[in-house]
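**Student:** following is a predicted model, sequence given first.
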Amino acid sequence: MNEPLKPSRLMIKFIPLTAALIIIIGIIYYRSLAAVPFSLGVLATSALNILKVRMLEKTVQKVVDMDDQDAGKNVVRFQYLFRYFLTGVVLAAVGLIHTFTTPPAIYSSRELYINVWGTLFPNAPEALLTAPFISIWGALAGIFTLQLAVIIVRSFKLEKDGTEFIKYEDDNENADETDDNTDDNSDEKNDKDITTNTE
């Protein structure tokens, strides 16, 4: 029997798939090259989610190997806050790029406007030239790739070969309860047999 993949490894596999699904939805919605900035936004925060999962995996391994539980809790809290901070930094950066690369028709400060697509592709269609270099809406949509990956992993509990299930803690607890019930039933049966033989 193959060893089951860790949930974190599975999420790393499913995050790109959910990102691809969101990008396809964006392409269907925009139906033009304006979907390119949206896709860049999705890819940016999807890559961030993969990084956060790797960080979480390393943090859990580090805490498990620590003898001091209080120190372990502090490490978990710090990493938790740091991941949120990292998310905020990325979204803020994408938001600034979105703002300063959107045509002045929306933002009045023409001096701060940077026409990235016009510089890279002067003959590009109007749909791309009037779009920001990277879309904040795509970045916000990409944030949910992590949650979607978690839902998929919890729903299917896939193993490496795709045929078995991951044994989660609650599954182990249910198995233990089943074993306990089996043992109790066996004890009761043995008691009845002993009583019958005694009589």
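**Tutor:** Received the coordinates, thanks.

**Student:** CA atoms for contacts and neighbours, from now on please.
**Tutor:** Noted.

**Student:** wait, doesn't Val150 sit right on Met11?
**Tutor:** Yes: counting by Cα atoms under 8 Å, Met11 is a contact partner of Val150 at 6.4 Å.

**Student:** show me which of these two is the more surrounded one.
**Tutor:** Per other Cα atoms under 10 Å, whichever of Val150 and Met11 has more neighbours is Met11, with 25 against 18.

**Student:** local confidence estimate at that one?
**Tutor:** Met11 carries a pLDDT value of 84.

**Student:** try Leu96
**Tutor:** Leu96 is given a pLDDT of 91.

**Student:** so which elements touch the helix or strand hosting it?
**Tutor:** For Leu96, the element it lies in under DSSP states H and E is helix 69-100. Counting by 3 or more Cα pairs under 8 Å, 6 or more residues apart in numbering; DSSP states H and E, the packing neighbours recorded for helix 69-100 are helix 35-64, helix 136-156.

**Student:** between that helix and helix 35-64, how big is the angle?
**Tutor:** Counting by axes from the mean of the first three to the mean of the last three Cα atoms, to 10 degrees, helix 69-100 lies at 170 degrees to helix 35-64.

**Student:** quick check: buried residues in the following helix or strand past helix 69-100?
**Tutor:** As assigned by DSSP H and E, the chain's next helix or strand after helix 69-100 is helix 116-120. Across helix 116-120, burial judged by 16 or more other Cα atoms under 10 Å covers Val116, Trp117, Gly118.

**Student:** about what we covered before: so can I have a markdown table of the helices and strands packed on helix 69-100 showing distance to Ile23 and mean pLDDT?
**Tutor:** Shown next, in a markdown table, are these (distance: least, Cα to Cα, whole Å; pLDDT from 0 to 100):
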| stretch | distance to Ile23 | mean pLDDT |
| --- | --- | --- |
| helix 35-64 | 6 | 91 |
| helix 136-156 | 8 | 89 |
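
**Student:** make JSON lines out of these and add distance to Ala71.
**Tutor:** Below are these laid out as JSON lines (distance: least, Cα to Cα, whole Å):
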{"stretch": "helix 35-64", "distance to Ala71": "8"}
{"stretch": "helix 136-156", "distance to Ala71": "27"}
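
**Student:** to Leu17, which of those lies closest?
**Tutor:** helix 136-156 (8.5 Å; Cα to Cα).

**Student:** so what touches that closest one?
**Tutor:** By Cα atoms under 8 Å, 6 or more residues apart in numbering, the residues outside helix 136-156 that reach it are 7, 10-11, 14-16, 18-19, 22, 37-46, 49-50, 91, 94-95, 98, 165.

**Student:** go on, stretch 79-96?
**Tutor:** By Cα under 8 Å, 6+ apart, the surrounding residues in contact with stretch 79-96 are Gly41, Thr45, Leu48, Lys52, Met55, Leu56, Thr59, Ile134, Ser135, Ile136, Ala139, Leu140.

**Student:** burial measure for the fifth one, as a count.
**Tutor:** The criterion is other Cα under 10 Å. On that basis, Met55 has 14 neighbouring residues.
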